[in-house]
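A.B. asks: structure of the sequence below:
(2 chains)
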Amino acid sequence: NAGVTQTPKFQVLKTGQSMTLQCAQDMNHNSMYWYRQDPGMGLRLIYYSASEGTTDKGEVPNGYNVSRLNKREFSLRLESAAPSQTSVYFCASSANHGDINQPQHFGDGTRLSIL
Amino acid sequence: AQSVTQLDSQVPVFEEAPVELRCNYSSSVSVYLFWYVQYPNQGLQLLLKYLSGSTLVKGINGFEAEFNKSQTSFHLRKPSVHISDTAEYFCALNTGFQKLVFGTGTRLLVSP
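C.D. replies: Numbers count the residues shown, from 1 in each chain, chains lettered A, B, ... in the order given. Below is the predicted model:
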């Protein structure tokens, strides 16, 4: 009964290093999302994938890339990490993008610090 | 543009007291509203949702919320809180394509 699994749970990087955050879901969901959570700002959408083979920008995509590797997996890549990307990153999935009856299910987050 | 406002960043309350967490929204189109809860070091869990129909929505853990279109509000309430309700609560708005717009969150602190 894993749901949405994110790895790693914690990571410290130096400015300029690259990093890929991994996300996998076992609910056979079509749609997946990446958010960042910053104090006093709630969650903001970085990128999403409405279905396998498609990705779209969200509210704050700059500095990030994503890959929908298959139906289960959706990764987020920081090519050259900056201190402003220090945040908690959440992956989520839902059955179908656009179906408001299907809620998003969230992973437990990746806490990323960039020095 | 759609937005969600949670004016209270923190709400302290004693155990067994009632609580109301406020949420106001702004949207020019039909809205679908959600409350999520986040326990420490965990992801978000759905508490309840308003899609249509009855304006009073009941969720898990004894929480309920009332959709008020004229006041553009969707306040969350619980008649008697427990220590275990200590968490951060997020109000969110979905304008129809599963792109959620979140409020900044309200931290509920329940003390004995």
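
A.B. asks: only C-alpha atoms from now on, for both contacts and neighbour counts.
C.D. replies: Will do.

A.B. asks: okay, and the beta partners of the nearest residue to B:Ser9 once chain neighbours are set aside?
C.D. replies: Excluding the flanking residues, the one nearest B:Ser9 by Cα to Cα, 6 or more residues apart in numbering or on different chains is B:Thr106, at 4.5 Å. With DSSP bridges as the criterion, B:Thr106 is bridged to B:Tyr89.

A.B. asks: what is the neighbour count of B:Thr106?
C.D. replies: Neighbourhood size, B:Thr106 [other Cα atoms under 10 Å in any protein chain shown]: 23.

A.B. asks: for the one 4 residues further on, same thing?
C.D. replies: Other residues within reach of B:Val110 by the criterion other Cα under 10 Å amount to 20.

A.B. asks: which residues does it bridge with?
C.D. replies: Going by DSSP bridges, B:Val110 forms beta bridges with B:Val13.

A.B. asks: I'd say it and B:Thr86 touch.
C.D. replies: Yes. The pair B:Val110 / B:Thr86 is scored as a contact, 5.5 Å apart, by Cα atoms under 8 Å.

A.B. asks: can you pull the contacts of the residue nearest to B:Ser9?
C.D. replies: Counting by Cα atoms under 8 Å, 6 or more residues apart in numbering or on different chains, B:Thr106 makes contact with B:6, B:8-11, B:21, B:88-90.

A.B. asks: most distant residue from the middle of chain A?
C.D. replies: Distance from the C-alpha centroid of chain A, by Cα atoms, centre = their mean, peaks at A:Asn101 (21.6 Å).
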